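Participant: Okay, predicted coordinates and the sequence, questions at the end:
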Amino acid sequence: MNIKQRRLEKAWSQEELARYSGLSTRTIQRIESGQKAGLESLKCLAAVFETSISTLMQEHNMNRKEQTETATIPMINEIEREAIEFAQSLLTEPQNGKKDPLSKIERQAINYAKTLLNKFKI
């Protein structure tokens, strides 16, 4: 369970948690968004949630790791999307005004392959 989940379990707003812990609302927002929490902040939060600092540190570090791993997924998807767009551009004729990424011979080979594939479609 992370700090946000603990807060929500008690039905507290970020402002309420800030008031109970003695931290600023902005500090609570930063910690919940995955930024590193300082030792003093963790001490205050541990006291409010009646748990140990080490438990909060482990939960917070796990949450930060999950957010980092999640953040890499869109980059992979972006790379994949660019690769798909490039592959599609190879299979379609270039639009007016755009440079063809293929040489004339490569374009002829692709068109010939398309012709052969069309002959075998049922």
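Facilitator: On my side now, so go ahead. Source: prediction; values computed, not measured.
Participant: Every contact and neighbour count from this point should use C-alpha atoms.
Facilitator: OK.
Participant: average model confidence for the host helix or strand of residue 61?
Facilitator: Residue 61 is part of helix 53-91, with elements assigned from DSSP states H and E. The predicted model gives helix 53-91 an average pLDDT of 72.
Participant: Work out the gap between the following helix or strand past that helix and the centre of the chain.
Facilitator: Using DSSP H and E, the helix or strand that follows helix 53-91 in sequence is helix 104-120. Its chain's C-alpha centre and that of helix 104-120 lie 39 Å apart, by Cα atoms, centre = their mean, to the nearest Å.
Participant: With just CA atoms, put helix 104-120 into CSV.
Facilitator: Provided in CSV are the C-alpha atoms of helix 104-120 (Å, rounded to 0.1, in the frame of the first residue of the first chain):
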residue,chain,number,x,y,z
LYS,A,104,13.4,3.3,-57.8
ILE,A,105,14.5,-0.4,-57.9
GLU,A,106,13.3,-1.1,-54.3
ARG,A,107,9.9,0.5,-55.2
GLN,A,108,9.6,-1.7,-58.3
ALA,A,109,10.4,-4.8,-56.3
ILE,A,110,7.7,-4.0,-53.8
ASN,A,111,5.2,-3.3,-56.5
TYR,A,112,6.1,-6.6,-58.2
ALA,A,113,5.7,-8.5,-54.9
LYS,A,114,2.2,-6.9,-54.4
THR,A,115,1.2,-8.0,-57.9
LEU,A,116,2.3,-11.6,-57.1
LEU,A,117,0.4,-11.6,-53.8
ASN,A,118,-2.7,-10.3,-55.5
LYS,A,119,-2.6,-13.3,-57.9
PHE,A,120,-2.7,-15.7,-55.0
